[in-house]
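Visitor: fold the following.
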Amino acid sequence: LKQKGINPMQNADPRLNVSQQQQQPVPQPQQPAGVQPVSSQSQPVNNIVPANNGLSQVVGNVLPIQNTVPPPGIMSQPPLGGQGVGPPAWLQNELQNLQSQQATLQEQVKQSGVNLGAQHAALMAQQQGRVEEAVRQAQENALQASAQSTGTDLVSFDAVLQPIIDSCTKDSISAGKAWILQHSLTAASNQVIAEHLLK
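Guide: Now for the predicted structure:
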């Protein structure tokens, strides 16, 4: 059997054949001449000069190509200071509306200030007139009271004074002077006549 190339143990037991087949090493594929296996190429790929079909040769380390596309979810920054870049139209309209409202309110405030100033001036004038009227009335009441206490008739005195005011003649002046000398009897009556002339 050995001379014929037949293993005497072959086909004796199929299980033995299976175990022998499992123990046989798997033949490795032959590499072409001059080509090293991949595992043996442990050195980094440096200083590779390809033929490049007549084009310019690449000398040096081969750098990996960087991915210039930004990852999803990250937006690129808009250019700063570019011409033609501004706020949207709705924002410009809103800004114009706010500026118009501000100008209107400022004009209203200015007009309100002018109105308040005019009202204050009118109130002060009315107050001054009322004060002067009150003072005049108080003086008149005091003069009437003094005239009654001294017995001085101011109505007749006015009748003598009116011709002097109208024509200022010699006769009217003499008549007025005579009336004053006739009714100036005491210091109190003299005070009443003087206050009535100054009124």
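Visitor: remind me what the longest helix along the chain packs against, helices and strands.
Guide: Under DSSP state H, the helix in the chain containing the largest number of residues is helix 89-150. On a contact count with 3 or more CB pairs under 8 Å, 6 or more residues apart in numbering; DSSP states H and E, helix 89-150 meets helix 154-166, helix 187-198. The C-beta positions use only the backbone N, C-alpha and C, and glycine is treated the same way.
Visitor: let's have these in JSON lines, adding distance to residue 96, mean neighbour count and mean pLDDT.
Guide: JSON lines is the format used below for the helices and strands packed on helix 89-150 (distance: least, CB to CB, whole Å; neighbours: other CB atoms under 10 Å; pLDDT from 0 to 100):
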{"stretch": "helix 154-166", "distance to residue 96": "71", "mean neighbour count": "13", "mean pLDDT": "92"}
{"stretch": "helix 187-198", "distance to residue 96": "69", "mean neighbour count": "15", "mean pLDDT": "92"}
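Visitor: so where's the chain uncertain?
Guide: For the chain, applying pLDDT under 70 flags the ranges 1-85.
Visitor: still on that earlier bit, how many degrees apart are the longest helix of the chain and helix 154-166 in direction?
Guide: Interaxial angle, helix 89-150 versus helix 154-166 (axes from the mean of the first three to the mean of the last three CA atoms, to 10 degrees): 110 degrees.
Visitor: on that earlier part again, can you tell which of the helices and strands packed on helix 89-150 is closest to residue 125?
Guide: Closest to residue 125 of the helices and strands packed on helix 89-150 is helix 187-198 (CB to CB; 25.5 Å).
Visitor: what helices or strands is the closest one leaning on?
Guide: By 3+ CB pairs under 8 Å, 6+ apart, helix 187-198 packs against helix 89-150, helix 154-166, helix 170-183.
Visitor: now the last one and helix 89-150, what's the angle there?
Guide: Orientation of helix 170-183 against helix 89-150 (the same axes, to 10 degrees) gives an angle of 70 degrees.
Visitor: if we can go back for a sec, got the helices and strands packed on helix 187-198 as a markdown table, with distance to residue 192 columns?
Guide: Shown next, in a markdown table, are those (distance: least, CB to CB, whole Å):
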| stretch | distance to residue 192 |
| --- | --- |
| helix 89-150 | 5 |
| helix 154-166 | 8 |
| helix 170-183 | 9 |
